[in-house]
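Q: Okay, here's the prediction I keep looking at, along with the sequence it came from:
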Amino acid sequence: MGMGKDLAETYPECGQLFERADEVLGYSLSKICFEGPDEELTKSNHCQPAIFVTSVACYTALKRELPALAPKGLAGLSLGEWSALHVAGALSFDDALRVLEARGRFMQEACEEREGGMVSVIGLPMDKLEDICREAGVEIANLNSAEQTVLSGEKHCIAKAEQLAKDAGAKRAIVLKVAGAYHSSLMSGAAERLAAVLAGVEMKEPELPVLSNVTGDPHGAGEAIKQAMLKQVNSSVRWLSCIEWFRAEGVTDYVECGPGKVLSGLVRRIDREATTRNVQNVETLKKCVCV
């Protein structure tokens, strides 16, 4: 709660993003972001547009302070991939907002249709994880690093997977506090509903590389992006592959734009030599541009 507020007050361009979001969505997303309450902000159809607008505001402020900034490429984890696609010119701000409001709503509906969950497993190789998936009836949702993988599935299956992971020697197995089984086949209904929304969206090839969660490689033409983003809803997020692509391209410096610092931590787990910075408010922006 409060995310994006000081950026909106400090940079007119950022304030205009929140004002436009309010107009497009037909309610005050800015008030929910800046003032809450938490139970409104954490609703999926609110939090997805909220994180998107805040992330774009962070990037906008960074570009204001560093106009010569020229990223080698962009990547985002799950809904963050939509932020990256917008910043790269693949779709408009308005369309991205509408898509994410619908995406959040459809994913929440899928959560309510079938009770699901997720468990983060640290310290098990892929062959053991695949065995656990088969035995427990769960799926790999996020390949976050070589050490950390998130499994997704029905709630009772997640409980079994947690125990199997501990029995197999995992350093840690932590059931996550999430509403459902994201990035698994339990989200297939959400993907099907989202297809109708995406059909009316103009999607173009990005102006710079944007890495696909589904493949770990750069996106191509507009229609192919639509198909990949539909598949992303119920497929594994290959964050590890995305960062390995950047490493192969010689990238050593990363700037995370958006609320929180989770991705910076994941990057450092994958590439110990990487330099990471975070922009989520005016204070962290000043630290970032002064380095």
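A: Ah, there it is. On a predicted model such as this, the values are computed, not experimentally measured, just so you know.
Q: Tell me the pLDDT of K204.
A: Looking at K204, its pLDDT is 97.
Q: Which helix or strand contains it?
A: For K204, there is no helix or strand it lies in under DSSP states H and E.
Q: Which helix or strand lies directly C-terminal to the helix or strand of the chain with the lowest mean pLDDT?
A: Lowest mean confidence among the helices and strands of the chain (mean pLDDT, DSSP states H and E): helix 38-41, at a mean of 92. Counting by DSSP H and E, the next helix or strand C-terminal to helix 38-41 is helix 44-65.
Q: Report the rounded mean pLDDT for that next one.
A: For helix 44-65, the mean per-residue pLDDT is 96.
Q: and that helix, which residues are buried?
A: Within helix 44-65, the residues that qualify as buried are 44-62, 64, counting by 16 or more other CB atoms under 10 Å. Backbone N, C-alpha and C define where each C-beta goes, glycine included.
Q: for the protein, which spans come out with low pLDDT?
A: 291 (pLDDT under 70).
Q: rerun that using 90 as the cut-off
A: For the chain, the stretches flagged by pLDDT under 90 are 42-44, 177-179, 290-291.
Q: what does stretch 272-280 rub up against?
A: Outside stretch 272-280, the residues within contact range by CB atoms under 8 Å, 6 or more residues apart in numbering are 3, 54, 58-59, 61-62, 252-261, 264, 267-268, 284-285, 287-288, 291.
Q: helices and strands around the helix or strand hosting R268, which ones?
A: Per DSSP H and E, R268 falls inside helix 262-270. Applying 3 or more CB pairs under 8 Å, 6 or more residues apart in numbering; DSSP states H and E, one finds that helix 262-270 makes contact with helix 239-248, strand 253-257, strand 275-279.
Q: relative orientation of the last one and helix 44-65 in degrees?
A: Right, the one you point to is strand 275-279. Between strand 275-279 and helix 44-65, the angle comes out at 110 degrees (axes from the mean of the first three to the mean of the last three CA atoms, to 10 degrees).
Q: so what's the closest residue to H183 other than its chain neighbours up against?
A: Once flanking residues are discounted, H183 sits nearest to A141: 3.9 Å by CB to CB, 6 or more residues apart in numbering. Contact analysis of A141 by CB under 8 Å, 6+ apart lists 118, 150-152, 181-184, 236-237.
Q: Tell me how far A141 lies from R98.
A: Per CB to CB, to the nearest Å, A141 is found 25 Å from R98.
Q: Could you do N278 as well?
A: Counting by CB to CB - N278 and R98 are separated by 28 Å.
Q: picking up where we left off before, from V237, how far out is the residue nearest to H183?
A: Taking CB to CB, one finds A141 at 7 Å from V237.
Q: Identify the contacts common to those two.
A: H183.
Q: where along the stretch 1-150 of the chain do the strands fall?
A: Ranges of strands in the stretch 1-150 of the chain, per DSSP state E, counting those that start in this stretch, are 116-122, 139-143, 148-154.
Q: Which among the ones you listed is found nearest to K166?
A: Distance to K166, taken as CB to CB, is lowest for strand 116-122 among these, at 9.1 Å.
Q: So which residues lie in contact with that closest one, not counting its own?
A: Here strand 116-122 makes contact (CB under 8 Å, 6+ apart) with 129, 132, 138, 141, 147-155, 158-159, 161-162, 165, 170-176, 178, 180-182, 184, 186.
Q: Buried residues of it, list them for me.
A: For strand 116-122, burial by neighbour count (16+ other CB under 10 Å) applies to 116-122.
Q: Would you format the residues you listed as TSV with distance to D38 included?
A: Shown next, in TSV, are these (distance: CB to CB, whole Å):
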residue	distance to D38
G116	22
G117	21
M118	21
V119	24
S120	23
V121	28
I122	28
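Q: Just give me the closest of those to S83.
A: Among those, M118 lies closest to S83 (CB to CB), at 21.6 Å.
Q: Next up, the contacts around the nearest residue to Y11 once chain neighbours are set aside.
A: Nearest residue to Y11 in three dimensions, chain neighbours excluded: A61, at 5.0 Å (CB to CB, 6+ apart). A61 is in contact with 7, 10-11, 13-14, 279, 282, 285, counting by CB under 8 Å, 6+ apart.
Q: one more time with 10 Å
A: A61 makes contact with 4, 6-8, 10-11, 13-14, 257, 279, 281-282, 285, 288-289, according to CB atoms under 10 Å, 6 or more residues apart in numbering.
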